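K.L.:
Sequence first, predicted model second:
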Amino acid sequence: MEYHTLRWQGDASGTLWMIDQTLLPEEFKEIECWTVEGVWEAIRVLRVRGAPAIGCAAAYGVVVGTRDARDASRDDFNLRLKEVTEYLAESRPTAVNLFWALNRMTEVALRESALESAAIHDRLLEEALSIHSEDREMCLAIGRNGAELLHTGTGVLTHCNAGGLATGGDGTALSVMFAAAEQGKSLRVFADETRPLLQGARLTSWELQQRGIPVTVICDNMAAQVMREDRIHAVVTGADRIAANGDAANKIGTYGVALLAKAHNIPFYVAAPSSTFDLNLATGDLIPIEQRDREEVSHGFGRQTIPDGVDVYNPAFDVTPASMITALITEKGVIPNPCTSSVAEHLASA
Ligand code: MRU
């Protein structure tokens, strides 16, 4: 089945459609986001999620949110743009792609200061479409670069969902698997269930099944045993923000998987586009970690599993130190043993 995680319909006065990922795998449904509040809510509650997809959604959200200012003066348009970008920036804190995309949208408006409001609004749609199509290209390149690291017969573990549902294209970690499969390499993918919101169980397994790649879902606490049984020969995950030294924030539990991989001598790869790097942060200690609602843990998927009054701690992400990452895979190539200088050199390369 062909599907689009996000798609824009119409001209700049048009509308954003997205798959409501909270409903998968039971129901496949696209929803229309006609207001910026709708886009904010969709990002916040993870109807659209995954760092690059959040960036694309935010860019389209800017177009949606400034639509009513098309006929306003340029000063008023700029005021509305500021309001909309500040609002969308509050939706989720960890994935840097969100802020990267909002900055790109703002820069267009600053650069094109002589244009009328309607014309700048048209330019903002063009920019959002470019962010989306560039992301698609980045995914394909990440896939090509990472596929070299996987061999036929490899058992690959992934955590959370870093597939097409998390990007504007084919995904990051999953793109590596799709490209390897297209090269004729047979893989067996293990998808961590990924508590508490089950992105691995609900989304990763759904995507791999759609693409005909054998996948086995395991509970998060099974990974050590499955590694010990020699079923896993590589781990590939995505990232939400990578600091200048290569420390990578990703879905909670990723750091634990990296520790397990190290203990079992299994390579641990992180696949991410250059838009996921934050060179303003020297190390991963500075990456803001989203804290989410208690109910996600205490009342997951319709059933209370923790007594009332018991405390819950629910950080949505953790940081894997660069020293535990065998290589970062980007659209530009592979960074083995990442560190501050190799990351800077790689990102500066053409
Ligand atoms: O909370 P989520 O579902 O947005 O978390 C997503 C992840 O952690 C992904 O692994 C990451 O964004 C990379 S997506 C290509």
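P.N.:
That came in fine, so what should we check first?
K.L.:
For residue 28, what is the enclosing helix or strand?
P.N.:
Assigned by DSSP states H and E, residue 28 belongs to neither a helix nor a strand.
K.L.:
how many neighbours does the nearest residue to it once chain neighbours are set aside have?
P.N.:
Nearest in space to residue 28, with sequence neighbours left out and distances taken as CB to CB, 6 or more residues apart in numbering, is residue 19 at 6.9 Å. For glycine as for every other residue, the C-beta is placed from the backbone atoms N, C-alpha and C. Using other CB atoms under 10 Å, residue 19 is surrounded by 22 other residues.
K.L.:
give me phi/psi at residue 19?
P.N.:
The phi/psi pair for residue 19 (degrees, to the nearest 10) reads phi -70, psi 130.
K.L.:
The nearest residue to residue 286 once chain neighbours are set aside and residue 154: what is the separation?
P.N.:
Leaving aside its sequence neighbours, residue 286 sits nearest to residue 243 (CB to CB, 6+ apart; 6.6 Å). With the distance defined as CB to CB, to the nearest Å, residue 243 ends up 29 Å from residue 154.
K.L.:
and what of residue 174?
P.N.:
14 Å.
K.L.:
follow-up on the earlier one: for the residue nearest to residue 28, which residues are in contact?
P.N.:
3-6, 28-31, 47-48, 165 (CB atoms under 8 Å, 6 or more residues apart in numbering).
K.L.:
Same check on residue 71?
P.N.:
Residue 71 makes contact with 117-118 under the criterion CB under 8 Å, 6+ apart.
K.L.:
Tell me if it really is in a strand.
P.N.:
No. Going by DSSP: H, G, I helix; E, B strand; the rest coil, the assignment for residue 71 is coil, not a strand.
K.L.:
picking up where we left off before, how many neighbours does the residue nearest to residue 286 have?
P.N.:
A total of 25 residues lie near residue 243 under the criterion other CB under 10 Å.
K.L.:
looking at it, it is touching residue 284, isn't it?
P.N.:
Yes. Residue 243 is within contact range of residue 284, at 4.7 Å (criterion: CB atoms under 8 Å).
K.L.:
And the helices in the stretch 51-200 of the chain?
P.N.:
Listed in chain order, the helices of the stretch 51-200 of the chain (DSSP state H, counting those that start in this stretch) span 51-66, 74-89, 96-111, 117-147, 173-182, 199.
K.L.:
sorry, back to before: between the contacts of residue 19, which is closest to residue 323?
P.N.:
The closest of those to residue 323 turns out to be residue 165 (CB to CB; 30.2 Å).
K.L.:
Relative to residue 140, how far out is the closest one?
P.N.:
As judged by CB to CB, residue 165 and residue 140 stand 16 Å apart.
K.L.:
Check the contacts of residue 19 one by one and keep those near the ligand.
P.N.:
When CB under 6 Å from any ligand atom is taken as the criterion, no member of these contacts the ligand.
K.L.:
any chance of the residues you listed in a markdown table, with pLDDT too?
P.N.:
Conversion of these to a markdown table gives the following (pLDDT from 0 to 100):
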| residue | pLDDT |
| --- | --- |
| 3 | 92 |
| 4 | 97 |
| 5 | 98 |
| 6 | 98 |
| 28 | 98 |
| 29 | 98 |
| 30 | 98 |
| 31 | 98 |
| 47 | 98 |
| 48 | 98 |
| 165 | 98 |
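K.L.:
What subset of these is buried?
P.N.:
Buried members of those, scored by 16 or more other CB atoms under 10 Å, are 5-6, 31, 47-48, 165.
K.L.:
Could you identify the most distant pair in those?
P.N.:
Farthest apart among those by CB to CB are 31 and 165. That separation is 14.1 Å.
K.L.:
residue contacts, residue 60?
P.N.:
By CB under 8 Å, 6+ apart, the contact set of residue 60 is 6, 8, 16, 33, 39, 128, 132.
K.L.:
Could you tell me which residues of the protein lie near the ligand?
P.N.:
46, 49-52, 95, 160, 162, 166-167, 171-172, 199, 237-240, 250-251, 316.
K.L.:
can you do 8 Å?
P.N.:
46, 49-54, 92, 94-95, 159-163, 166-167, 171-173, 197, 199, 237-240, 250-251, 254, 271-272, 276, 290, 316-317 (CB under 8 Å from any ligand atom).
K.L.:
domains for this protein, by residue range?
P.N.:
Annotated domains of the chain cover 6-139, 143-348 [automatic domain parsing].
K.L.:
returning to what we had before: settle it for me: which of residue 174 and residue 154 has more neighbours?
P.N.:
Neighbours were counted for residue 174 and for residue 154 using other CB under 10 Å; residue 174 has more, 32 against 18.
K.L.:
is it true that the more buried one touches residue 156?
P.N.:
No. Using CB under 8 Å, residue 174 is not in contact with residue 156, being 9.9 Å away.
K.L.:
which stretches of the stretch 51-200 of the chain have low pLDDT?
P.N.:
Along the stretch 51-200 of the chain, no part satisfies pLDDT under 70.
K.L.:
Near whatever residue of the chain ends up closest to the ligand, how many residues? Count them for me, please.
P.N.:
Across the chain, the shortest distance to the ligand (CB to the nearest ligand atom) belongs to residue 238, at 2.8 Å. Applying other CB under 10 Å, we find 32 residues neighbouring residue 238.
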